[in-house]
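In: Okay, here's the prediction I keep looking at, along with the sequence it came from:
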Amino acid sequence: EQLTGHGAYVIGLDVVEPHQGLCAEFHRCDLSNNERILQLAAHLSDPLHALFNVAGLPGSHDADDVMAVNVLGLRTLTSAIHPRLADGGSVVNVASGAGAGWPENLQEIASLLDTPDFDAGLAWCREHPRTGPDAYNFSKEVVIVYSMQIAAREFHRRVRVNAVSPGAVETPILKDFYATMDNGILEQLRKQAGGRNGEPEEIASVIVFLASNAAGWINGADIPVDGGGEVALQ
């Protein structure tokens with residue numbers, strides 16, 4: 001909605017069709033389906049100026065599905081679109097405050113990111129089984145590191161890659177997080193963040209900013225957008 005309001009031509013890829021008028025173009029796409037992602041990416045018309053990886057599954061889902069959508073599908077789509085982005089373009093990946101522990105798991109994250117493609121990545125995940133909630137946290141750690149990795153490797157074309165890490169946000173899947181995460185920690189985070197959860201518009205505005213010329217020298221960053229909630233865990 002914010003992008004459209006700024007006059008952008010927005011192309012949506014999702015399993016859920018957006019409300020009328022929010023996307024100029026929409027394609028139904030399951031991000032756990034590698035072939036469908038590649039098929040759609042190949043048929044998108046240039047010029048492309050930005051990619052926003054927003055789709056994700058909470059830890060209430062099967063761990064393999066969480067990793068497929070949150071990491072492997074994201075990586076497939078990014079690998080397909082990134083080389084086609086115009087100079088000065090931007091990729092913004094939505095991670096999570098749940099991924100803040102990435103420095104402690106960097107070796108394992110690097111091992112997964114070393115896999116060459118979707119199928120190899122899924123095989124790696126099955127060789128390193130996790131519960132759904134653990135897979136969610138790990139998936140967001142991987143997204144943060146992947147964003148840094150691409151940013152460091154590809155900035156010669158001035159295509160910037162950043163991550164945004166929201167705290168708890170009032171979306172339809174918030175109930176899944178309360179069902180699968182430590183409610184005591186969630187309540188502590190909410191108290192620290194002014195006694196409320198975030199609103200989607202507050203996350204969207206940061207994502208839109210990171211794609212704009214105003215953020216032209218921000219690259220490889222992970223921006224927490226959580227009302228200061230993570231401070232409570234320091």
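Out: All right, it came through fine. Nothing here was measured: the structure is a model prediction, and the numbers come from that model.

In: quick one: contacts for residue 33?
Out: Applying C-beta atoms under 8 Å, 6 or more residues apart in numbering, we find residue 33 in contact with residue 73. For glycine as for every other residue, the C-beta is placed from the backbone atoms N, C-alpha and C.

In: How many residues are close by residue 10?
Out: 17 (other C-beta atoms under 10 Å).

In: Kindly report the same for the one 3 residues further on.
Out: Applying other C-beta under 10 Å, we find 24 other residues in the vicinity of residue 13.

In: for it, phi and psi?
Out: Taking degrees, to the nearest 10, you get phi -120, psi 120 for the backbone angles of residue 13.

In: now residue 212
Out: Main-chain torsions, residue 212, degrees, to the nearest 10: phi -90, psi 170.

In: Quick check: closest non-adjacent residue to it.
Out: Setting aside the residues directly before and after it, residue 212 is nearest to residue 90 in space (C-beta to C-beta, 6 or more residues apart in numbering), at 8.0 Å.

In: Which helix or which strand is home to that neighbour?
Out: Using DSSP states H and E, the secondary-structure element containing residue 90 is strand 85-94.

In: who does that strand pair up with?
Out: Strand pairing for strand 85-94, using DSSP bridges, gives strand 48-53 (parallel), strand 160-166 (parallel).

In: going on from it, what's the next piece of helix or strand?
Out: With secondary structure assigned by DSSP H and E, strand 85-94 is succeeded by helix 106-113.

In: Roughly how far does residue 187 sit from residue 15?
Out: 31 Å (C-beta to C-beta, to the nearest Å).

In: Same list, the strands paired with strand 85-94, but as CSV with mean pLDDT please.
Out: Formatted as CSV, these follow (pLDDT from 0 to 100):
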stretch, mean pLDDT
strand 48-53, 97
strand 160-166, 97
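
In: C-alpha coordinates for stretch 143-161, CSV please?
Out: Below are the C-alpha coordinates for stretch 143-161, written out as CSV (Å, rounded to 0.1, in the frame of the first residue of the first chain):
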residue,chain,number,x,y,z
VAL,A,143,18.2,-14.4,6.5
ILE,A,144,20.3,-11.8,8.4
VAL,A,145,23.6,-13.4,7.5
TYR,A,146,22.5,-14.0,3.9
SER,A,147,21.6,-10.4,3.5
MET,A,148,25.1,-9.3,4.8
GLN,A,149,26.7,-11.9,2.5
ILE,A,150,25.0,-10.7,-0.6
ALA,A,151,25.6,-7.0,0.3
ALA,A,152,29.3,-7.5,0.7
ARG,A,153,29.7,-9.5,-2.5
GLU,A,154,27.5,-7.4,-4.9
PHE,A,155,27.8,-3.7,-4.0
HIS,A,156,30.0,-3.0,-7.0
ARG,A,157,26.8,-2.5,-8.9
ARG,A,158,25.4,-0.3,-6.2
VAL,A,159,22.6,-2.8,-5.5
ARG,A,160,22.1,-2.6,-1.8
VAL,A,161,20.9,-5.5,0.4
